[in-house]
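Asks: Structure for the following, please:
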Amino acid sequence: MEKSGHLVKNVHFSTSDNKVWIFYDLQGEKKTTYQIQLLASTNGGKTYTISPTNVTGDIGRDVKAGKNKEIIWHIMEDYPDGLQGSDFQFLIKAHKEIPAINHQLLKYAAIGVAAIGVGVALILLLNGSNSSGGSGGFPLPPPRPAN
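Replies: Sure thing, here's the model as predicted:
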């Protein structure tokens, strides 16, 4: 997993209308999607204990690399009485996403496996009446060799 510090650059923010606008550049492969997480610090980055939840923009799943990415934190929805602190900082974590399973393909694979199972069961049942003495449609095993 790549460290987010190598992927996220140029983080800065501004405030307006009870919102915090966080901007960043996400370096990486253009075809790759990333999972983006935002953390906040009120003590100059000594600790990042705040995980904003009312956010929109280039955050969460399926974010692609590029410049001037934007997250809008609706801070008053998370902290109606405001947030106390003297030196606000933001940490943006980015991790490559693992490609999602194609659920449609998985459904067709399951149908195929079920069809094969039914086919094998039919063969065993139909051949069961023609077998030579075995139970469940299987012939008897060969005798053991003499010592």
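Asks: give me the number of residues near the closest residue in space to residue 88 that isn't next to it in sequence?
Replies: Nearest residue to residue 88, sequence neighbours excluded (C-beta to C-beta, 6 or more residues apart in numbering): residue 42, at 6.0 Å. No exception for glycine: its C-beta is placed from N, CA and C like everyone else's. Neighbours of residue 42 under the rule other C-beta atoms under 10 Å: 17.
Asks: wait, doesn't residue 42 sit right on residue 79?
Replies: No. Counting by C-beta atoms under 8 Å, residue 42 stays clear of residue 79, with 10.7 Å between them.
Asks: residues contacting residue 93?
Replies: 4, 8, 36, 37, 38, 39 (C-beta atoms under 8 Å, 6 or more residues apart in numbering).
Asks: In this structure, where is pLDDT below threshold?
Replies: 1-6, 100-106, 108, 110, 112-115, 117-122, 124, 127-138, 147 (pLDDT under 70).
Asks: For residue 79, see how far away residue 44 is.
Replies: From residue 44 over to residue 79 the distance is 19 Å, taken as C-beta to C-beta, to the nearest Å.
Asks: Need the three-state assignment for residue 123.
Replies: Applying DSSP: H, G, I helix; E, B strand; the rest coil to residue 123 yields a three-state assignment of helix.
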